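S.K.: My questions concern the predicted model and sequence given below.
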Amino acid sequence: MFEREIDRIGSGSAKWDAAPVIFGEKDILPMWVADMDFQVATPISQAIARQAEHGIFGYPAESDTLRQAVVDRIHAKFDWPIQKEWLVFSSGIVHALHMIIKAFTAPGDGVVIQPPVYYPFFSAITNNGCTVLENQLIENKGVYSMDFPGLETSFQPDWGGFGPQPSRARLLLLCSPHNPVGRVWSKEELNQAARIALAHDALIISDEIHAELLYSGHSHLPTSMLGEDVARRTITCFSPSKTFNLAGLNASVLIIPDPKIRAVFKQRTAGFHATPGVIGLAAMEAAFRHGDPWLQELLPYLEGNLNYLMEFFKTRLPQLPVTSPEGTYLVWFNCRKLGLSDSELRNFMRKKAKVGLDDGYMFGSGGSGYQRINIACPRSRLEQGLTRIAKAVHDHMAG
Ligand SMILES: Cc1ncc(COP(=O)(O)O)c(C=O)c1O
């Protein structure tokens, strides 16, 4: 079912329909934004069809059965016993990040992130008038880890000297699993990061949108499971949109265990915070309740794609070191040996290789000279994209 190449052109797809404009090339193969070229699980399509047949699309209500479906899923997948009243539904996670930062900061406050990281993190911070405090991940032979002394320093601004006062860090924005480097953080890593944030009285936003897209041997730990003290200071962002390919339906859910933080969030974002529509809610419930047989087939398919890519890079693109992800269908690779500037690399991928990828520099510090490729497509398409890259690289090296 994942082998079929489905034509998405004309379906209102950002990845495909907007690609010629975004990349400035007509015959570009889009392998960028994080959605999959696969049809969703049948129970999801059926739930959407039922809503469509009903034919009335009035204001939505989040049903008790939906809340229960979220509770059951989080419990079944992560052994985290959450409660229905902790849930706050949201249109999308990027929107939710904007709302959380709006609710819990004042302009000029700092928000700590660990680049290279999902680029809308930057704008969610700056659009709220806050300062991005970057604690760059450490890279060692393609494997990434958190810089804990650096993280500690991010929370301890230097108040001495002249010039404007540095921003005070109010929030730690975690990406777990981490897009684009594919790390599934260990309990020890999460614990160290969370303890540093708590010691400085910061809130933790834990974006766990990729939590269910893991490769063999890796398991995801929700940050809030580190302990009750952490859970009380953490807002978890969860969604079926990556796992079940529902990004276009704008339905996600925040898990906020602390009643005061939940109340403050709701009160300060009233009128701003957007919630999902009836179709998104129906799709979310169907995905969480009935999506697993499909997901059980998807995960080995993605792993097959990843293995294919790793072997391809090893044999045909040894010049470009690639980071093997532990989770996510996004793969991060190092193009620095091509000797190109960021704008040259961008043009190289677009105009020479004719693939639409995400440019590494957009992910902040540590991203320069890298590219991110989305492997959630039929293997034939992946093969085509990698072959285009390999040909362009070989021509470049030969020339
Ligand atoms: C870490 C992370 N958060 C959020 C999103 C987007 O979430 P949404 O589509 O719900 O705004 C993505 C999409 O790639 C992501 O990688």
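M.R.: Structure's in. What do you need?
S.K.: Spatially nearest residue to residue 360, not counting backbone neighbours?
M.R.: Closest residue to residue 360 apart from its sequence neighbours, by C-beta to C-beta, 6 or more residues apart in numbering: residue 370 at 2.9 Å. No exception for glycine: its C-beta is placed from N, CA and C like everyone else's.
S.K.: can you pull the contacts of the one you found?
M.R.: 116, 180, 332, 333, 334, 335, 336, 360, 361, 363 (C-beta atoms under 8 Å, 6 or more residues apart in numbering).
S.K.: cutoff 6 Å now
M.R.: 332, 334, 360 (C-beta atoms under 6 Å, 6 or more residues apart in numbering).
S.K.: What count of nearby residues applies to the second one?
M.R.: What that stands for is residue 334. Per other C-beta atoms under 10 Å, the neighbour tally for residue 334 reads 17.
S.K.: How much space separates it from residue 317?
M.R.: 11 Å (C-beta to C-beta, to the nearest Å).
S.K.: Could you do residue 66 as well?
M.R.: In terms of C-beta to C-beta, residue 66 sits 45 Å off from residue 317.
S.K.: so what does the longest strand belonging to the chain touch, helix or strand wise?
M.R.: Assignment by DSSP state E gives strand 169-175 as the longest strand of the chain. When contacts are defined as 3 or more C-beta pairs under 6 Å, 6 or more residues apart in numbering; DSSP states H and E, strand 169-175 packs onto strand 110-113, strand 203-207.
S.K.: Now the element after the longest one, going C-ward?
M.R.: Same thing as strand 203-207. Where DSSP states H and E defines the elements, the next helix or strand beyond strand 203-207 is helix 228-231.
S.K.: Any regions of this protein where pLDDT drops low?
M.R.: Residue ranges of the chain with pLDDT under 70: 158-166.
S.K.: at 90 what do you get?
M.R.: 1, 156-168, 273, 399 (pLDDT under 90).
S.K.: then stretch 173-182 to CSV, C-alphas only?
M.R.: Extracted in CSV, the C-alpha atoms of stretch 173-182 (Å, rounded to 0.1, in the frame of the first residue of the first chain):
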residue,chain,number,x,y,z
LEU,A,173,11.4,24.5,24.2
LEU,A,174,12.3,20.8,23.7
CYS,A,175,11.9,18.9,20.4
SER,A,176,11.5,15.3,21.4
PRO,A,177,12.1,13.4,19.2
HIS,A,178,14.3,16.0,17.7
ASN,A,179,13.7,17.3,14.2
PRO,A,180,16.0,17.5,12.1
VAL,A,181,18.7,15.3,13.7
GLY,A,182,16.4,12.4,14.5
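S.K.: now the residue of the stretch 51-200 of the chain at minimum distance from the ligand, nearest residue through space, not along the chain?
M.R.: Closest to the ligand within the stretch 51-200 of the chain is residue 92: 3.0 Å, counting by C-beta to the nearest ligand atom. Spatial nearest neighbour of residue 92, excluding adjacent residues (C-beta to C-beta, 6+ apart): residue 250 at 5.1 Å.
S.K.: Distance of the one you found relative to residue 173?
M.R.: Per C-beta to C-beta, residue 250 is found 21 Å from residue 173.
S.K.: Surely residue 8 and residue 15 touch.
M.R.: No - assessed by C-beta atoms under 6 Å, residue 8 is found out of contact with residue 15, at 7.1 Å.
S.K.: Who has more neighbours out of the two?
M.R.: Each of residue 8 and residue 15 has its neighbours counted (other C-beta under 10 Å); residue 15 has more, 21 against 15.
S.K.: where's the more buried one relative to the ligand, distance?
M.R.: With distances taken as C-beta to the nearest ligand atom, to the nearest Å, residue 15 is found 11 Å from the ligand.
S.K.: what does the stretch 251-399 of the chain have sitting close to the ligand?
M.R.: residue 252 (C-beta under 6 Å from any ligand atom).
S.K.: Identify each of the helices in the stretch 251-399 of the chain and give its residue range.
M.R.: For the stretch 251-399 of the chain, the helices defined by DSSP state H, counting those that start in this stretch occupy 259-269, 278-290, 292-316, 342-347, 379-398.
S.K.: Export those helices as TSV, with columns for mean neighbour count.
M.R.: What follows is those, written out as TSV (neighbours: other C-beta atoms under 10 Å):
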stretch	mean neighbour count
helix 259-269	14
helix 278-290	23
helix 292-316	16
helix 342-347	15
helix 379-398	16
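S.K.: for these, which one sits closest to residue 220?
M.R.: Counting by C-beta to C-beta, residue 220 lies closest to helix 292-316 out of those; the figure is 12.7 Å.
S.K.: between that closest one and helix 278-290, what angle do the directions make?
M.R.: 90 degrees (axes from the mean of the first three to the mean of the last three C-alpha atoms, to 10 degrees).
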